[in-house]
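Novice: Output the structure for:
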Amino acid sequence: MKLIKLGLLSVFFLSLILFLMSLLIPPVVRVSRAIDIHAPIDAIQPRLADLQEWKDWNEMAKDEMEIKILSVSRDTITVSWKNGNRPVLSAFTLAQSGETTVVQWYFDFRLNWYPWEKFGSIVFDKHFGTPMEKSLNNLKKKIEGSR
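Specialist: Predicted coordinates for the structure are as follows:
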């Protein structure tokens, strides 16, 4: 009986410690990548604002996700990605300096308080970062190659 009590108390306190540690992880996680493209904003923005163009350069648009462009301005394109029942917001921001435009792409993940969700968010950068980098490099090649 003492062994069972010790086991239950150990599981309880271990769970409590893990829960308290998960509170240190922020409720919003941002994964971001950026690239310099030697082209003006006006040559880049239309390709980002048209979902039909994405299949030519965006690795992540090939997945079975529902993608919807929410807003478009000259320097920001906001996108909603939905896989399952929770949408994830994403955006492209464009900043021109001389003949070079910096394209930044980021995803904002809003997390629930669940410890497994918070600890799971630690791998988001590896999971999303690689295809984001590949996609931005594809976009750069496509735009700079057509100039």
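
Novice: give me the element Lys142 is part of.
Specialist: If you go by DSSP states H and E, Lys142 is part of helix 124-145.

Novice: what comes into contact with that helix?
Specialist: 29, 31, 33-35, 37-39, 43-44, 47-48, 56-60, 103, 105, 107, 109 (Cβ atoms under 8 Å, 6 or more residues apart in numbering). (Glycine included, C-beta is placed from N, CA and C.)

Novice: Mind listing what's buried along that helix?
Specialist: Residues of helix 124-145 classed as buried: 125, 128, 131-132, 135-136, 139-140, 143 (neighbour count, 16 or more other Cβ atoms under 10 Å).

Novice: quick revisit: please narrow the contacts of helix 124-145 to those residing in strands.
Specialist: 29, 31, 33-35, 37, 103, 105, 107, 109 (DSSP state E).

Novice: what's around Leu16, how many residues?
Specialist: Neighbour count for Leu16, taken as other Cβ atoms under 10 Å: 10.

Novice: ok, it - contacts?
Specialist: Contacts of Leu16 by Cβ under 8 Å, 6+ apart: none found.

Novice: Would you mind writing the PyMOL command to select the buried ones in the contacts of helix 124-145?
Specialist: To isolate the buried members of the contacts of helix 124-145 in PyMOL, using 16+ other Cβ under 10 Å:
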select buried, resi 29+31+33+35+37+39+44+47+48+57+58+59+60+103+105+107+109
